[in-house]
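Engineer: what shape does this take:
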Amino acid sequence: MDWTVLFRSRLVLLAAVVGLVACEPIVLPPWALARPPDAGAVDVDSGGDDAGEDGGEPTTGEDAGEDGGEPSSGEDAGSEDAGFDAGGEDGGPGDAGGGVGNDGPVLGDGGVDVRMTEWSGCDAGWRKRTVLPAGTKGYGSFALDADGDAYFIEHTDDILRVGTTKPWRTFPRTGWLGPQPYVVGVRVGPTGEVHVALSPRYLEGDTDVPVHFLRYTAGRWVHTAKPGGLLWDLEVDSRGHLHAMSTWLGPENRLLYTHGPPDALVVEETGIVLDDDIYRVSLQMDARGHAHVAFIPKKPRGLRYATNASGTWVVEPVSTQGDDGYLALSASGTPYLAWMDNSHIMLASRDAVRGWTSASVGDEWASMEALAVSPTGVVHLLLTVGDGSPLHLSNASGDWVRTRLGAGPLGFPPSVTGSSMELDAQGRAHVMHTWVKRDETSGMPLRTLDYYRQCQ
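Structural biologist: Numbers count the residues shown, from 1 in each chain. Here you go, the predicted model:
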């Protein structure tokens, strides 16, 4: 089996399956952001004389040229709409049958969404609960706050919603109206602000594709659009500043770095050109606010690591083989990189003296989904195996222990709708996985978002 071709086709497969499950067209307009009646006009900050009439791409200055120019360091054209508040109607309840109203979920006695199940007992070191039942449209990406409560994304009736396991906390609609977007993730800032980042659907050949940032602050959602194309990863540092990596959609797949306070984001050229716009970029922030990324360059092929810790972007080779690398940082700032090399699960780390060293930690026909390192140095890996179920690996006991989460097989390919993993302050792994299962009555494939957490 040519796994290079398989991995290169994952986004195409994802779009097809999501389109099937969501009963939406697969080919959709590049982006649609309809304002709710109470949203008001968008306050477009043109960023001075560097933006075109549409407030879109940042350029190199007044001489940007007929094509409107390209993103450049320090230019932050775009728009912020502070009118995305909670009022008005949002198109009706969610798919699951009354669990979600116009202003958020219906809460049970425990203060959480009535659609959520209770935590199961501890089985093989893990507990499980369902946070979105069959027939809902959830994303595998999620975030933890300082208390270890989870925040996740639901898409229903062209509306994006944020759900949480935190008792008595709910969110109104975000204000996003349009085709189901590519949601990069959700993050919680140090003061409890919730951030969502996404790329809208776009047509092949489009280049002017904005990146959308949604921030819940002071009881309302604030929307900011920036140039950037296809967004890959999002982080929030200890100051509450946003950091995001995206691929510019054009003749060259240039890597753009968006960063800064949420209300003053800057789009910066990294000088890095990627091999293709379907290979992911993994981003991590260290304690000093420096960015670290893993990516696949245009030439020569292979996995690369880069950081701006010195003030400029410095690139280092890690491996000549493998696709879709995932990056993590230890508490001391040591970078780790994990990827699949055919059936080999590869893990590399960087030593200040020896540089990068890598080794195989086992074999599995699977796709890599996440990598994390606990405060005590325990490495956690998350994969999705061929039957669509998540597989967790950890070296907490010294040897690598594998735990299959959930039952299979399901007959669906891996990573059709996503899995992700986060560690809480105690170093416990939390995993969310979007299953695609056939409904026993209709036979239709339906999504279910399950949540797994280590007991200790």
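Engineer: could you pull out the helices for the protein?
Structural biologist: For the chain, the helices defined by DSSP state H occupy 3-8, 10-22.
Engineer: need the contact list for residue 163.
Structural biologist: Applying CB atoms under 8 Å, 6 or more residues apart in numbering, we find residue 163 in contact with 105, 113, 131-132, 151-154, 171. Any C-beta I mention is one placed from the backbone N, CA and C, and that applies to glycine too.
Engineer: confidence score at it?
Structural biologist: We have a pLDDT of 95 for residue 163.
Engineer: how close does it sit to residue 320?
Structural biologist: From residue 163 over to residue 320 the distance is 42 Å, taken as CB to CB, to the nearest Å.
Engineer: please apply the same query to residue 336.
Structural biologist: Residue 336 is 18 Å from residue 320, where distance means CB to CB.
Engineer: show me the shaky parts of this protein.
Structural biologist: Along the chain, segments meeting pLDDT under 70 span 1-103, 277, 407-417.
Engineer: ok, now with 80
Structural biologist: Low-confidence segments of the chain (pLDDT under 80): 1-104, 156-157, 178, 276-279, 299-301, 323, 387, 407-418, 437-440, 456.
Engineer: returning to what we had before: so for residue 336 and residue 320, which sits in the more crowded spot?
Structural biologist: Per other CB atoms under 10 Å, whichever of residue 336 and residue 320 has more neighbours is residue 336, with 21 against 10.
Engineer: check contacts around the nearest residue to residue 118 once chain neighbours are set aside.
Structural biologist: Distances taken as CB to CB, 6 or more residues apart in numbering put residue 129 closest to residue 118, at 6.4 Å, once the chain neighbours are dropped. Taking CB under 8 Å, 6+ apart, we find residue 129 in contact with 116-120, 450-451.
Engineer: in the stretch 251-400 of the chain, which spans are strands?
Structural biologist: 253-260, 266-274, 282-285, 291-295, 303-307, 314-319, 323-329, 335-341, 344-351, 355-363, 366-373, 379-385, 390-394 (DSSP state E, counting those that start in this stretch).
Engineer: can you list the strands that the shortest one pairs with?
Structural biologist: Think strand 282-285. strand 291-295 (antiparallel) (DSSP bridges).
Engineer: if we look at the strand it pairs with, which residues are touching it?
Structural biologist: Strand 291-295 is contacted from outside by 233, 243, 245, 255, 257, 259, 272, 274, 279, 281-286, 303-309, 318, 325-327, 329, 335, 337, using CB under 8 Å, 6+ apart.
Engineer: if I look at the nearest residue to residue 279 once chain neighbours are set aside, how far off is residue 129?
Structural biologist: Distance criterion CB to CB, 6+ apart; nearest residue to residue 279, sequence neighbours excluded, is residue 296 at 4.4 Å. As judged by CB to CB, residue 296 and residue 129 stand 36 Å apart.
Engineer: what do you get for residue 207?
Structural biologist: Distance from residue 207 to residue 129, by CB to CB: 42 Å.
Engineer: with residue 351 instead?
Structural biologist: Distance of residue 351 to residue 129, given as CB to CB: 40 Å.
Engineer: again with residue 304
Structural biologist: Taking CB to CB, one finds residue 304 at 38 Å from residue 129.
Engineer: and what of residue 154?
Structural biologist: 15 Å.
Engineer: with residue 216 instead?
Structural biologist: For residue 216, the distance to residue 129 - CB to CB - is 23 Å.
Engineer: residue 229: neighbour count?
Structural biologist: 25.
Engineer: residue 252 too?
Structural biologist: Residue 252: 13 surrounding residues under other CB under 10 Å.
Engineer: tell me the contacts of it?
Structural biologist: With CB under 8 Å, 6+ apart, residue 252 has these contacts: 273, 298.
Engineer: run the last query once more with 7 Å
Structural biologist: residue 273 (CB atoms under 7 Å, 6 or more residues apart in numbering).
Engineer: what about stretch 284-291, how long is it end to end?
Structural biologist: Length of stretch 284-291, first residue to last, CA to CA, to the nearest Å: 6 Å.
Engineer: mind listing what's buried in it?
Structural biologist: 284-286, 290-291 (16 or more other CB atoms under 10 Å).
Engineer: max pairwise distance over these: which two?
Structural biologist: 284 and 290 (9.6 Å; CB to CB).
Engineer: re earlier: where's the residue nearest to residue 118 relative to residue 158, distance?
Structural biologist: Counting by CB to CB - residue 129 and residue 158 are separated by 27 Å.
Engineer: and for residue 109?
Structural biologist: 31 Å.
Engineer: more crowded one of those two?
Structural biologist: Neighbours per residue (other CB under 10 Å) separate residue 109 from residue 158, with residue 158 holding more: 16 against 6.
Engineer: wait, isn't that one in contact with residue 177?
Structural biologist: Yes. Counting by CB atoms under 7 Å, residue 177 is a contact partner of residue 158 at 5.4 Å.
Engineer: what distance separates the start and the end of stretch 356-375?
Structural biologist: Stretch 356-375 stretches 21 Å from its first residue to its last (CA to CA).
Engineer: chain center to that stretch: distance?
Structural biologist: 19 Å (CA atoms, centre = their mean, to the nearest Å).
Engineer: cool, and stretch 174-190?
Structural biologist: Its chain's C-alpha centre and that of stretch 174-190 lie 9 Å apart, by CA atoms, centre = their mean.
Engineer: next up, the contacts around residue 265.
Structural biologist: Contact analysis of residue 265 by CB under 7 Å, 6+ apart lists 76, 224, 226, 242, 258-259.
Engineer: neighbours of residue 218, how many?
Structural biologist: Residues near residue 218, counting by other CB under 10 Å, number 8.
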